[in-house]
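here you go, sequence then predicted model.
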Amino acid sequence: NYFQTQTNTLSGETILITAGPTKEMIDPVRFLTNRSSGKMGYALAEEAVKMGAKVILVSSVDSLPISKDVQLIKITSAEDMYQAVMDKYQQATIIIKSAAVADYRPKQISQQKLKKKDGNLIIEFERTKDILLELGKKEDKPFLVGFAAETENIDEYAWSKLERKNADIIVANDVSREGAGFEGDTNIVTLYKKNHTKKELPLLSKNQTAKEILLEIHRDLKEGVR
Ligand code: CTP
Ligand code: CA
């Protein structure tokens, strides 16, 4: 019946979800981070559990409510997230990278609190590993979903990320739009898919957006896009 098919659509799937920002320590009391609440990733985790999936959530955020059925792995930095994801990816049939991963980290982490001095402070940053890009190169890669928060040229950037990272879907949103921001409970996203179609979702709650994304993944898997 309808209820059963709605609730068990993802039974048998193990979904690895990354959520929220990473934090890159500068010294023991300061870090560089991204503007991200983790709410979209948590909504995905919650809805995936409701649909019958086994869920592993890798996140620096542990203050949001979440089902006891979700296995939460708490991380801090992009490097931590990389290690946790590489450790778990083989258990996953689907990976959804909704995390806002720092692209750079301080080249040196000061062991002591930096003291202020006269003049400007210059910190050298180095690149972090691109987790999605690395996953896309794996021969045994699961179904890969990336996110992209943009402020301009959404189409162009989303299609190029889909291609470059060898993802199956890129979920893009224009964060300059009302209702698609960071801390809110709503989102407006467009799904960019491997077969070169795109699907625009209207303004929805993050939970409803999550459900639509998961149903789209389910449809692709049923059609053999693995
Ligand atoms: N991502 C990742 N590891 C990184 C950076 C990004 O896994 N070190 C993932 C994000 O979780 C997201 C996707 O890649 O699912 C796209 O992230 P985004 O920041 O939009 O793309 P970048 O490739 O970092 O490009 P830019 O920030 O320059 O737009
Ligand atoms: Ca980035």
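Nice, I can see it. Ligands and ions are numbered 1, 2, ... in the order given.

contacting residues for the nearest residue in space to residue 91 that is not next to it in sequence?
In space, and not counting its chain neighbours, residue 91 is closest to residue 14: 5.5 Å by C-beta to C-beta, 6 or more residues apart in numbering. (Glycine included, C-beta is placed from N, CA and C.) Residues near residue 14 by C-beta atoms under 8 Å, 6 or more residues apart in numbering: 53-56, 91-94.

which bits of the protein sit near ligand 1?
Contact residues (C-beta under 6 Å from any ligand atom) of the chain with ligand 1: 78, 97, 99, 101, 103, 128-132, 146-148, 161.

pLDDT weak spots in this protein?
The chain contains residues with pLDDT under 70 at 1-6, 225-226.

top strand in it by residue count?
In the chain, assigned by DSSP state E, the strand with the most residues is strand 143-150.

what comes up buried for the helix of greatest length in the chain?
When the chain is parsed with DSSP state H, its longest helix is helix 206-222. Under the neighbour-count criterion of 16 or more other C-beta atoms under 10 Å, helix 206-222 has 206-214, 216-218, 220-221 buried.

how about stretch 33-53?
Buried residues in stretch 33-53, defined by neighbour count with 16+ other C-beta under 10 Å: 34, 36-51, 53.

middle-most residue in this structure, spatially?
Closest residue to the average C-alpha location of the chain: residue 98 at 1.3 Å, with C-alpha atoms, centre = their mean.

surely that one meets residue 41?
Yes. Here residue 98 reaches residue 41: they are 4.1 Å apart, a contact under C-beta atoms under 8 Å.

mutual contacts of the two, please.
17-19.

any chance of JSON lines for these, columns distance to residue 124 and secondary structure?
Shown next, in JSON lines, are the shared contacts of residue 98 and residue 41 (distance: C-beta to C-beta, whole Å; DSSP: H, G, I helix; E, B strand; the rest coil):
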{"residue": "17", "distance to residue 124": "32", "secondary structure": "strand"}
{"residue": "18", "distance to residue 124": "27", "secondary structure": "strand"}
{"residue": "19", "distance to residue 124": "29", "secondary structure": "strand"}
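
tell me the one of the residues you listed nearest ligand 1?
For the shared contacts of residue 98 and residue 41, the residue nearest ligand 1 by C-beta to the nearest ligand atom is residue 18; the value is 6.2 Å.

dig out what that closest one forms beta bridges with.
Per DSSP bridges, the residues bridged to residue 18 are residue 58, residue 97.

quick one: it and residue 61 touch, right?
No. Contact between residue 18 and residue 61 fails when scored by C-beta under 8 Å: they sit 10.6 Å apart.

hang on, the earlier thing: now the buried members of the contacts of residue 14.
Buried residues within the contacts of residue 14, counting neighbours by 16+ other C-beta under 10 Å: 53-56, 92-94.
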